[in-house]
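[1] Sharing a model prediction with you, sequence too.
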Amino acid sequence: MENADIWPTIHTERQALAADLRTLGQDQWTTTSLCADWTVRDVLAHMTATAKMKPAMFFPRLASCGFKFTRLQEKGIAENKGHSGPDTLAGFDAVLTSLGHPPGPMDTMLGEALVHAEDIRRPLGIKHDYPVAAVTRTAQFFTGSNLLIGAKRRISGLTLRATDTDWSHGTGPEVTGPVLSLLMAMTGRKAAIDDLAGDGAAALRERP
């Protein structure tokens, strides 16, 4: 996947997620996402807040939250949640093609679009065919990153091997499965480990 494809892919994936959420019932918006402390509505509001962010805004806002990243996230969710699920979705619709982002590599925004979309879809039972090249690039990116998510530490000493594309990483006991499930597992989503096999899967499940 080329760098020039990142933003078009992010926009396409946001649009696909918005389309999937248009028919949600009121009770579905309160479903617990794969981010255990957030509902699917909270995750969508967080995605909206991130898409509105600009590098120059980030540190002043973080400072206003006492340099606590979780507090910054909570503030962003509160500001973009609205009064109902349809309100939250309307806010997300407004940023579908936004180029806004916090400071950092664009791969973090690609990861935001893919991982958080699956955080929402999986608990709702919504299936989606994510672009394999984008998922693979994101998985490769997170293998070298401990920032916030701790993926590099989580997969240390394990071999990850995708069964649906030509991708692997690491050395040690194998963890095998679809590349999307490997991505979700390395970013701390325990539910995705149910999709995985191999001698290293049990070790991955035990890691925070």
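    Sure thing, it's come through. Model, not experiment: these values are computed from the prediction. Residues are numbered from 1 along each chain as shown.

[2] For F59, give me the pLDDT.
    Listed pLDDT for F59 reads 76.

[3] Distance check, it against R71.
    According to CB to CB, to the nearest Å, F59 and R71 sit 14 Å apart. (Glycine included, C-beta is placed from N, CA and C.)

[4] With A201 instead?
    34 Å.

[5] So which of the two has more stuff around it?
    Counted by other CB atoms under 10 Å, A201 and R71 do not tie: A201 has more neighbours, with 19 against 13.

[6] which stretches of this structure aren't confidently modelled?
    Scanning the chain with the threshold set as pLDDT under 70 gives 69.

[7] what helix or strand is the residue sitting nearest the centre point of it on?
    Centroid-nearest residue in the chain, with CA atoms, centre = their mean: V115, separated by 2.3 Å. Using DSSP states H and E, V115 sits within helix 106-124.

[8] what's the residue nearest to the centre of the chain in contact with, if anything?
    Counting by CB atoms under 8 Å, 6 or more residues apart in numbering, V115 makes contact with T138, L183, M184, T187, R189.

[9] Hmm, the fourth one is touching A151, no?
    Yes: if you go by CB atoms under 8 Å, T187 and A151 touch, sitting 5.5 Å apart.

[10] thinking again about what came up before, check the contacts of V115 against D27 and report the nearest one.
    When these are ranked by distance to D27 (CB to CB), R189 comes first, at 22.7 Å.

[11] And for the residue nearest to the closest one when sequence neighbours are not counted, the neighbour number?
    Among residues not flanking R189 along the chain, L34 sits closest, at 4.7 Å (CB to CB, 6 or more residues apart in numbering). Neighbours of L34 under the rule other CB under 10 Å: 22.

[12] same check, this time on G200
    Neighbourhood size, G200 [other CB under 10 Å]: 21.

[13] And for T32?
    By the measure other CB under 10 Å, the count of residues near T32 is 12.

[14] just the helices in the chain please.
    Remark: helices assigned in the chain by DSSP state H are 6-21, 40-52, 55-64, 69-80, 85-93, 106-124, 132-143, 151-154, 179-186, 201-206.

[15] which of those helices is buried the deepest?
    helix 179-186 (a mean of 27; mean count of other CB atoms under 10 Å).

[16] mind exporting that helix as PDB, just the C-alpha atoms?
    Output of helix 179-186 as PDB, limited to C-alpha atoms (Å, rounded to 0.1, in the frame of the first residue of the first chain):
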ATOM      1  CA  VAL A 179      -4.400 -10.500   9.600                       C
ATOM      2  CA  LEU A 180      -7.300  -8.400  10.900                       C
ATOM      3  CA  SER A 181      -7.500 -10.600  14.000                       C
ATOM      4  CA  LEU A 182      -3.800 -10.400  14.500                       C
ATOM      5  CA  LEU A 183      -4.000  -6.600  14.300                       C
ATOM      6  CA  MET A 184      -6.800  -6.500  16.800                       C
ATOM      7  CA  ALA A 185      -5.100  -8.900  19.100                       C
ATOM      8  CA  MET A 186      -1.800  -7.000  19.100                       C
END
